[in-house]
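**Q** Starting from these lines, generate the structure:
(chains A, B, C and D)
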There are 2 protein chains.
Amino acid sequence: MSQSADGIARWRRVADEIREMIGGGLEKLPVETELAARFGVNRHTVRRALAALAAEGLVRSERGRGTFVERLPERLVYPVGARTRFTENVSRLARQPAGRLIAATREAADGQLARELSLRPGAPLHRLETLHVADAIPLSVGTAWFPAERFPNIVAAYAETGSVTKALAAHGVDDYRRHQTRIGAERVGRADAAHLACPADGIVLVTESANYDPKDVPIQFSRSRFLADRVELLIDS
Amino acid sequence: MSQSADGIARWRRVADEIREMIGGGLEKLPVETELAARFGVNRHTVRRALAALAAEGLVRSERGRGTFVERLPERLVYPVGARTRFTENVSRLARQPAGRLIAATREAADGQLARELSLRPGAPLHRLETLHVADAIPLSVGTAWFPAERFPNIVAAYAETGSVTKALAAHGVDDYRRHQTRIGAERVGRADAAHLACPADGIVLVTESANYDPKDVPIQFSRSRFLADRVELLIDS
DNA sequence: TTAGTCTACTTGATTAGACAACTAGATCTG
DNA sequence: CAGATCTAGTTGTCTAATCAAGTAGACTAA
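**A** Model (predicted):
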């Protein structure tokens, strides 16, 4: 707040002015030195303002090219319910869905996973990291754990079909449902940001839920991270 | 990435080192000048690192006092469903709930609000800004719109009772429910951050939904912002 | 004792300057 | 003409220095 008549930091007012410029509909901002001259402040003060605007998702700076206004496309509405299926959800919106396997490992169930999947701690699991894309735009990354004994070939089945539903069907599970879903939000992790092709300071909606077969035996626990800029969740009651 | 042997920015490595220090369990970080001396960099480089850590929610700087490690308390689980009621949700958890009126204005329905509330555009609405607190910890701020003609005294009723349910009961609405809830996430706004007593770069879960009376007439549209650090939403299917 | 004041310390803001790393287009070269 | 090279322009990083503003404790005066 210092060095300023009315006690409001200069960079905040610079940010406000740039925000107004953005409203005018321009696509590329003037370069930092130009902005600094125009507002009569140091280039660093402009950079502080731009950092704030970038954190709001309004602008994006690219080294050597310039600073560009971010025009957010409309967010895709993703229904969450007992029968949430990524492929169905996305194709209903006339978009082209795709699931891609990023990585697969075998691991032992820790306390939480054992509880969620009704297994003993230490039970073998397949862990799949997957990326979900609609119209070539990454929407989410997910981690899914399956009991390895019941679903020995889940990794290959998913890699082949790109669909959890089909991979489970290959193991004789025709239908499944979820009872509860927990939803949180946090800053995107570094690895997820790379897969989602989003800024490092992006925000993800995190859903955690278990899927159950028709006999109410848990068959999968998953933790999905949806990029909040691109997706909004819809709860039907 | 400049001025550095291996192409990784100094402030990133400083941030990593501080992150490790935090893991050690200390509560207050050394002062910026001390950190700068210890890592052999300028104080501004330390500040750049601290800004990154603050954005991750790991530390919080207070002018004149120092920089402190943030220990996140467990998040409160907030069920979202057809009969979501803040007071019930919170008191079920043996916490002390409280709703406080921040502001109330009269405004005309815009296109979206008119559609959500089945009113003509321009219809008069009461708009209430409310703050929701559990055990003196702010959890969420909400904006609620009510048709002014049907609920003329909603502002006074809410101010008195601190509860939407009771305020509606005073207007003869015994029960209400919601059909859908949309959930998104974004950076907290400046005014909200002040009310929620959270860092300016906090993240909020945003829920939007309409409530309907037993005859399925919409009586309220609301947009709540839950601080993601303190709350997690639970969907029951 | 109490209330006010002073002071050292700490983070916040701003300016100045320098160089690194990257981009895109112009220019040169075979 | 194709490809390599150069160059001006742009953002990223880092150092240095200074003052503002808030905090907390010590000190002082009533």
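**Q** ok, residue A:73 - how many residues close by?
**A** Applying other CB atoms under 10 Å in any protein chain shown, we find 9 residues neighbouring residue A:73. No exception for glycine: its C-beta is placed from N, CA and C like everyone else's.
**Q** tell me the pLDDT at it?
**A** Here, the pLDDT recorded for residue A:73 equals 72.
**Q** Break chain A down into its domains, please.
**A** For chain A, automatic domain parsing gives the domain ranges A:10-69, A:76-235.
**Q** what's the closest of those to DNA strand C?
**A** domain A:10-69 (2.4 Å; CB to the nearest atom of the strand).
**Q** is DNA strand D contacted by that closest one?
**A** Yes - judged by CB under 7 Å from any atom of the strand, domain A:10-69 comes into contact with DNA strand D through A:29, A:31-33, A:44, A:47, A:50, A:61-67.
**Q** Which strands or helices does whichever strand or helix holds residue A:13 pack on?
**A** Per DSSP states H and E: residue A:13 is located in helix A:10-23. Counting contacts by 3 or more CB pairs under 8 Å, 6 or more residues apart in numbering or on different chains; DSSP states H and E, helix A:10-23 packs against helix A:32-39, helix A:43-55.
**Q** Try it again at 7 Å.
**A** Here helix A:10-23 touches helix A:43-55, going by 3 or more CB pairs under 7 Å, 6 or more residues apart in numbering or on different chains; DSSP states H and E.
**Q** pLDDT of the helix or strand just after the helix it packs on, averaged?
**A** The first helix or strand that comes after helix A:43-55 along the chain, using DSSP H and E, is strand A:59-62. The average pLDDT for strand A:59-62 rounds to 92.
**Q** List, one by one, the residues from chain A near chain B.
**A** A:55-56, A:75, A:80-82, A:178-187, A:201, A:203, A:205, A:228, A:232-237 (CB under 7 Å from any CB of the partner chain).
**Q** Just the buried subset of these, written out for ChimeraX, thanks.
**A** In ChimeraX syntax, the buried subset of those is picked out as below (16 or more other CB atoms under 10 Å in any protein chain shown):
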select /A:75,80,81,82,178,181,182,183,184,185,186,187,201,203,205,228,232,233,235,237
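**Q** Tabulate the residues of domain A:10-69 next to DNA strand D in a markdown table, adding columns for neighbour count.
**A** Listed next are these as a markdown table, based on neighbours: other CB atoms under 10 Å in any protein chain shown:
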| residue | neighbour count |
| --- | --- |
| A:29 | 20 |
| A:31 | 13 |
| A:32 | 18 |
| A:33 | 10 |
| A:44 | 12 |
| A:47 | 18 |
| A:50 | 22 |
| A:61 | 16 |
| A:62 | 8 |
| A:63 | 6 |
| A:64 | 4 |
| A:65 | 8 |
| A:66 | 13 |
| A:67 | 20 |
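**Q** now for these, which pair is the farthest apart?
**A** Using CB to CB, the two most remote members of the residues of domain A:10-69 next to DNA strand D are A:44 and A:65, lying 20.0 Å apart.
**Q** Where do the helices of chain A begin and end?
**A** Along chain A, the segments classed as helices by DSSP state H run A:10-23, A:32-39, A:43-55, A:86-92, A:111-116, A:154-161, A:164-169, A:190-196.
**Q** nearest to residue B:136, of those helices?
**A** Nearest to residue B:136, of all the helices of chain A, is helix A:43-55, at 29.0 Å by CB to CB.
**Q** packing partners for the closest one?
**A** Judged by 3+ CB pairs under 7 Å, 6+ apart, the packing partners of helix A:43-55 are helix A:10-23, helix A:32-39, strand A:59-62.
**Q** Where in chain A is the helix or strand with the lowest mean pLDDT?
**A** helix A:86-92 (a mean of 66; mean pLDDT, DSSP states H and E).
**Q** And the closest residue to residue A:180 other than its chain neighbours, how far from DNA strand D?
**A** Excluding the flanking residues, the one nearest residue A:180 by CB to CB, 6 or more residues apart in numbering or on different chains is residue B:236, at 5.7 Å. Distance of residue B:236 to DNA strand D, computed by CB to the nearest atom of the strand, to the nearest Å: 43 Å.
**Q** sorry, back to before: with respect to residue A:209, which of the helices and strands packed on helix A:43-55 lies nearest?
**A** Here strand A:59-62 is closest among the helices and strands packed on helix A:43-55 (CB to CB), at 32.6 Å.
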